[in-house]
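After the sequence you'll find the predicted model.
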Amino acid sequence: MTDLELTVHAAHEAGKLLREHFGSEAVVDEASHHDIKLALDKQSQDLIQSILLTARPDDAFYGEEGIGGKQDAERQWIVDPIDGTVNYFYGIPHFCVSIALRVGEEIVLGVIHDPIVGETWTVEKGAPPMLDGKPIRCSQRSKLEESVLFIGCGKDEEALRLGLERFRKASVRARKMRMMGSAALGLAYIATGRLDAYVESRISLWDIAAGKLLVEAAGGKVDLGPSTKEDSWSIVATNGRIPIEEIL
C-alpha cells in the first residue's frame, strides 16, 4: 500500500467512526468558553495513529491530541482527527479529518476527508491535487468584489481584534464573507474553487498542513505569518489571483 493509499484508508476509517456517532450525544472531555474537546477527538486520533503506525512503525506521529511513534524519525504524520469539533458537537455537518505527511521540513502528502458529504481531497508533492480522483484548480476570480472569503478569528484578545478588523475591511468589498469553523475544509474549498481566500490570525499546524499543500498544488498561494505560539501562525491563503494586500 502506498503512502497515499494508506492515508486515504486511515482518513476514511476515522470518517466512518465520526459519521456513526454524529447526531448522538457526545462526551465532552474538556470545555472552555471558546472551545470543546470530545472523547471522539481522542478516539479518532487513536484509530488513525494505529492504522498509520502499524503500517509505518518507524515513523513519528504528531496530532492535535498528542504525539506517538519515533519522534526523531524523518517522516512525521500530522493529524487533526476532527477539524471542526465545535460544529460536530452542535450537530453542524461541517467538519473533516485532516492528515499530512512531512518528510524532513517538507509536507509531501495531504488528505482531507469530509465524512458527511463524502468528499475526499488528496495531494502529493509534484502531482495534481484531486477531489474524489478528479483534478481540481483554484478559481480564476481576480477581483475582490467577485470573491467569497473565509475569515477565522483567534480566541485571545489580540488575535480576535485583528481578525475582526480584517473581517470589517474585507467585507465592505468582497461579494460574501463566511465563518465556517473548519480551516482544513476552508483550504480544500479554495483548492476546489468554491472559496477564493482564507484569513485567520492564529491557526495550528495540524489544521493547515494538508490544506496548504492542496491549495498550492491547485495554483493558489499560502502565506504564513509569525505567532508567539509554537507550531501556530497567522495565515492568508488565496486562489493566487486575489491580491493579498486588498484582503489585509
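Done, it's in. Numbering: from 1, shown residues only.

Low-confidence bits of this protein, can you list those?
Within the chain, the stretches falling below the threshold (pLDDT under 70) are 24-37, 153-160, 162-163, 227-228.

can you point me to the longest helix in it?
Across the chain, the helix with the greatest residue count (assigned by DSSP state H) is helix 3-21.

Any idea how many residues pack against the closest residue to residue 95 other than its chain neighbours?
The shortest distance from residue 95 to any residue other than its chain neighbours is 3.1 Å, reached at residue 84 (C-beta to C-beta, 6 or more residues apart in numbering). Placement of C-beta: from N, CA and C, glycine included. Counted with other C-beta atoms under 10 Å, residues neighbouring residue 84 total 24.

Next: residue 90.
Residues near residue 90, counting by other C-beta under 10 Å: 10.

same question, residue 219
Counted with other C-beta under 10 Å, residue 219 comes out at 18.

same check, this time on the one 10 residues further on
Burial measure for residue 229: 11 neighbouring residues, criterion other C-beta under 10 Å.

tell me, what residue is most central in this protein?
What sits nearest the mean C-alpha location of the chain, by C-alpha atoms, centre = their mean, is residue 184, with 1.9 Å.

what about it, which helix or strand?
Assessed by DSSP states H and E, residue 184 sits inside helix 183-192.

Ok, residue 86 next?
Residue 86 belongs to helix 85-89, assigned by DSSP H and E.

other SSEs contacting the helix or strand just after that helix?
Downstream of helix 85-89, the first helix or strand assigned by DSSP H and E is strand 96-103. Applying 3 or more C-beta pairs under 8 Å, 6 or more residues apart in numbering; DSSP states H and E, one finds that strand 96-103 contacts helix 3-21, helix 39-55, strand 75-83, strand 106-114, helix 183-192, helix 205-217.

These: which one's closest to residue 139?
helix 183-192 (8.0 Å; C-beta to C-beta).

by contact count, what packs against the closest one?
Packing partners of helix 183-192 (3+ C-beta pairs under 8 Å, 6+ apart): strand 75-83, strand 96-103, strand 106-114, strand 119-124, strand 148-152, strand 197-204, helix 205-217, strand 232-238.
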